[in-house]
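**Student:** Predicted coordinates and the sequence they were generated for:
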Amino acid sequence: MTHGSRRRTPVLMHEDRNFDDLAPRFARNIYGGLKGAIRLAVIEQDFAQVLPSAIADAGSMPLRILDAGGGQGQFSLHLAALGHQVTHCDISEQMLQLAKENAAKAGIETIDFVHASIANLRAQCLAGERQAFDLVICHSVLEWVVEQQALIGDLQILLRPDGILSLSFYNRHGLVFKNLLRGKRSSILDGHFEPRPGSLTPHRPLEPLQVLHWLEAAQWALLCHSGIRVFHDYLLTEDGRAMDAPALMALELELSRQEPYRSLGRYQHVMARRLCPSAQTE
C-alpha cells in the first residue's frame, strides 16, 4: 500500500481523539509555518503579562509545569530549556515520540515524558502519587475530547492552589465564519457537524463564552483572554496572502485582545488562576 492510499483510522465522535494515525501531518499542518508562529507569539505575549517567570531563566526557582496532552511540546520544550521542571503527557504514543525527538534535537534531557491521559494523571494526583503543578498547559486538547467540562475539572485538580492554567481551544465562531467566507453554511449551525475522516478540523469546536462560563462556575480567576489568528486564516485574496509576514504578525498581536477580532480568532487562549479554597468561599 502506498503512502497516498494509506487508510485513516475512523473517527468515533463518542471517543476522545488519539492522533497516532495522523501525528506527523497534525504536527506539520497545525504547528508548522506562519500559523504555528502566530500561535506561539500570542501565547508568549500572554505569558509575558500574566506569568513572566515562566518564560525567563528558571535559575534557583524552577516551576513545576505539566504539558497536558502536549503533542510535540512546541511551547513546553522552550520552558524546559529555561530550566523549569516539565512533565509532558500525551495519550498518543506517536505524538509523544515526536516530542522526544524534538527534545533530543534541542539537547533537552530533563523532561519527564509520560504516556497517559489527563484523567490518568488526575487519578495519580488524587492518590498522592504525583504532586500538583505550578503551571498546567493544555493547548488544542479541549476540542478533541467528549467530556469537555470534566476535562477542565481534571486540570484544576492537577494544579496547586493559586496555580496557573494556560488553555487554548478551537473556536466555533472561527469555523462558522471561515465557511461563510467560502459561501457555505457550516453544518455546525444545524447541530450535526462531523468532520471528514482524516480531517484535522477539530470534532467539537467551542464557544468562548461557554468555556468562560465553565471557568467562572468552577471559581477560576480569569487573568487574560486572547484570540489566535484573528485574521490570518481569512485572507482569501492574493494580495492578502502576500502581506508582509512581520507586519502580519505585529497586527495579529495588536488585535488579539481587541473585540470583535478576538472572538473571530481560529483559536482562543485563556490564562486563569486556580483559587485557593479560602478565596473560593469568601
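**Tutor:** Sure thing, it's come through. Numbering: from 1, shown residues only.

**Student:** In the protein, where's the longest helix?
**Tutor:** Across the chain, the longest stretch assigned as helix under DSSP state H is helix 33-50.

**Student:** And that one, what's buried?
**Tutor:** Across helix 33-50, burial judged by 16 or more other Cβ atoms under 10 Å covers 35-36, 38-43, 45-47. Quick note: C-beta positions are derived from backbone N, CA and C, even for glycine.

**Student:** cool, stretch 210-226 as well?
**Tutor:** Judged by neighbour count (16+ other Cβ under 10 Å), stretch 210-226 contains these buried residues: 211-212, 214-215, 218, 220, 223-226.

**Student:** Of the residues you listed, which belong to strands?
**Tutor:** 220, 223-226 (DSSP state E).

**Student:** just checking, what packs against the helix or strand where Ala150 lies?
**Tutor:** Using DSSP states H and E, Ala150 maps to helix 148-158. Where contact means 3 or more Cβ pairs under 8 Å, 6 or more residues apart in numbering; DSSP states H and E, helix 148-158 is packed against strand 64-68, helix 118-126, strand 133-139, strand 159-170, helix 208-217.

**Student:** And it, what's buried?
**Tutor:** So, applying 16+ other Cβ under 10 Å, buried residues of helix 148-158: 148, 151-152, 154-158.

**Student:** of those, closest to Val270?
**Tutor:** Relative to Val270, the closest of the buried residues of helix 148-158 is Ile152; by Cβ to Cβ it sits at 10.6 Å.

**Student:** Extract the CA atoms of stretch 102-117 and return them as CSV.
**Tutor:** Written as CSV, here are the backbone C-alpha positions of stretch 102-117 (Å, rounded to 0.1, in the frame of the first residue of the first chain):
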residue,chain,number,x,y,z
ASN,A,102,12.3,17.4,19.3
ALA,A,103,13.7,17.4,22.8
ALA,A,104,16.7,15.4,21.7
LYS,A,105,17.4,17.7,18.7
ALA,A,106,17.3,20.7,21.2
GLY,A,107,19.6,18.9,23.6
ILE,A,108,17.0,18.8,26.4
GLU,A,109,17.3,15.8,28.6
THR,A,110,15.3,16.9,31.7
ILE,A,111,11.7,16.4,30.5
ASP,A,112,9.6,13.7,32.2
PHE,A,113,7.7,12.1,29.3
VAL,A,114,4.5,10.2,30.3
HIS,A,115,2.3,8.1,28.1
ALA,A,116,-1.0,8.7,29.8
SER,A,117,-4.3,10.5,29.5
